[in-house]
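# Need coordinates for the following:
(one chain, ligands or ions: 1)
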Amino acid sequence: MSTHNSTNSLRLEGIYRNQMENAYKFAAIMMRNDDFYDNFPKEPIGGNNPYWRCSECKKSVPSINYRRSGHYQHCSHYSK
Ligand SMILES: [Zn+2]
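The predicted model follows:
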């Protein structure tokens with residue numbers, strides 16, 4: 001019985017360790033994702049369109065998708 005319990009707790013420990021590793025990996029991926037970019041001037045597209053657009057290249061925010069690479073190449077906020 002004690003053997004069974006220690007096997008279980010070892011297994012749980014392994015699962016817990018795996019989850020922690022996954023959490024750290026996920027955080028590392030998120031931190032490396034420096035393409036996320038929200039610091040650009042926006043203006044309403046207007047008309048019936050509920051969305052905003054970059055006030056420089058006029059591309060809509062949903063298609064920019066908060067990526068520097070989402071702006072048009074002539075835009076000063078564009079970056080690969
Ligand atoms: Zn732009």
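# Going by C-alpha atoms from here, please, whenever you check contacts or count neighbours.
Will do.
# can you give me the helices in the protein?
2-32, 61-64 (DSSP state H).
# Which positions in the shortest one come out as buried?
Just to be clear, that refers to helix 61-64. Within helix 61-64, the residues scored as buried using 16 or more other C-alpha atoms under 10 Å are 61, 64.
# Need the contact partners of it.
If you take C-alpha atoms under 8 Å, 6 or more residues apart in numbering as the criterion, helix 61-64 is touched by 51, 52, 53, 54, 70, 71.
# Let's see it as CSV, backbone CA atoms only.
This file holds the C-alpha atoms of helix 61-64, laid out as CSV (Å, rounded to 0.1, in the frame of the first residue of the first chain):
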residue,chain,number,x,y,z
VAL,A,61,-6.3,47.5,-36.7
PRO,A,62,-7.8,44.0,-37.1
SER,A,63,-5.7,43.4,-40.2
ILE,A,64,-2.6,44.9,-38.5
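# Quick check: mean pLDDT of that helix?
Regarding helix 61-64, the rounded mean pLDDT is 92.
# out of the contacts of helix 61-64, which are buried?
Buried by 16+ other C-alpha under 10 Å: 52, 53, 54, 70, 71, out of the contacts of helix 61-64.
# Take those and write them to JSON lines, including distance to residue 36 and pLDDT.
As requested, the buried ones among the contacts of helix 61-64 are exported to JSON lines (distance: C-alpha to C-alpha, whole Å; pLDDT from 0 to 100):
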{"residue": "52", "distance to residue 36": "17", "pLDDT": "94"}
{"residue": "53", "distance to residue 36": "16", "pLDDT": "96"}
{"residue": "54", "distance to residue 36": "15", "pLDDT": "97"}
{"residue": "70", "distance to residue 36": "10", "pLDDT": "93"}
{"residue": "71", "distance to residue 36": "12", "pLDDT": "96"}
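# hang on, the earlier thing: for the contacts of helix 61-64, which one is nearest residue 17?
Residue 17 lies nearest to residue 70 out of the contacts of helix 61-64, by C-alpha to C-alpha, at 37.2 Å.
# distance between the ends of stretch 37-56?
15 Å (C-alpha to C-alpha, to the nearest Å).
# buried sites along that stretch?
Those would be 42, 45, 52, 53, 54, 56, for stretch 37-56 by 16+ other C-alpha under 10 Å.
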